[in-house]
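give the three-dimensional model of this entry:
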Amino acid sequence: MTTSVIMDIMQSAMVAGIKIAAPILLISIVIGLVIAIFQAATQIHEQTLTFVPKLFATAIILIILGPWMTEVMSDFVYYIFDIMTTIY
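Numbers count the residues shown, from 1 in each chain. Below you'll find the model as predicted:
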């Protein structure tokens, strides 16, 4: 196994991880920003006001994008298995 193959595997792993994590993180950041602006405008600083909407949004995103995330991970696993068959 050469260094270039290892670097390709690491790059593919990082890309797969970013593809899976990005939608959840982006939605969470956007909702947190909207709620922070609302809290600053109304001076209501309740902890559950930020936690509960993020929790529901994350659950909805996982339900909606779950099949796509599974497909991304299975493609990565197929890629790894394909590389394993070429190793002598």
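
helices of the protein, start to end?
Along the chain, counting by DSSP state H, helices occupy 3-42, 47-86.

I'd like the ones you listed laid out as TSV, including mean neighbour count and mean pLDDT.
Just so you know, the C-beta spots here come from the backbone N, C-alpha and C atoms, and that holds for glycine as well. TSV is the format used below for the helices of the chain (neighbours: other CB atoms under 10 Å; pLDDT from 0 to 100):
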stretch	mean neighbour count	mean pLDDT
helix 3-42	12	93
helix 47-86	12	92
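
for the residue sitting nearest the centre point of the chain, give its distance to M73.
Centroid check for the chain by CA atoms, centre = their mean gives A21 as the closest residue, at 1.0 Å. For A21, the distance to M73 (CB to CB, to the nearest Å) stands at 12 Å.

how about P53?
In terms of CB to CB, P53 sits 27 Å off from M73.

I6 too?
20 Å.

swap in A57?
Distance of A57 to M73, given as CB to CB: 22 Å.

could you do P67 as well?
Per CB to CB, P67 is found 11 Å from M73.

kindly report the same for I60.
20 Å.

K19 contacts V72, correct?
Yes - the pair K19 / V72 is scored as a contact, 5.2 Å apart, by CB atoms under 8 Å.

backbone torsions only: list them for T2.
Note on T2: backbone dihedrals following degrees, to the nearest 10 are phi -90, psi 170.

okay, it: pLDDT?
Looking at T2, its pLDDT is 84.

what about it, how many neighbours?
When neighbours are counted by other CB atoms under 10 Å, T2 registers 7.

any idea how far I80 is from it?
16 Å.

again with G17
From G17 to I80 the distance is 14 Å (CB to CB).

what's the answer for E71, then?
From E71 to I80 the distance is 15 Å (CB to CB).
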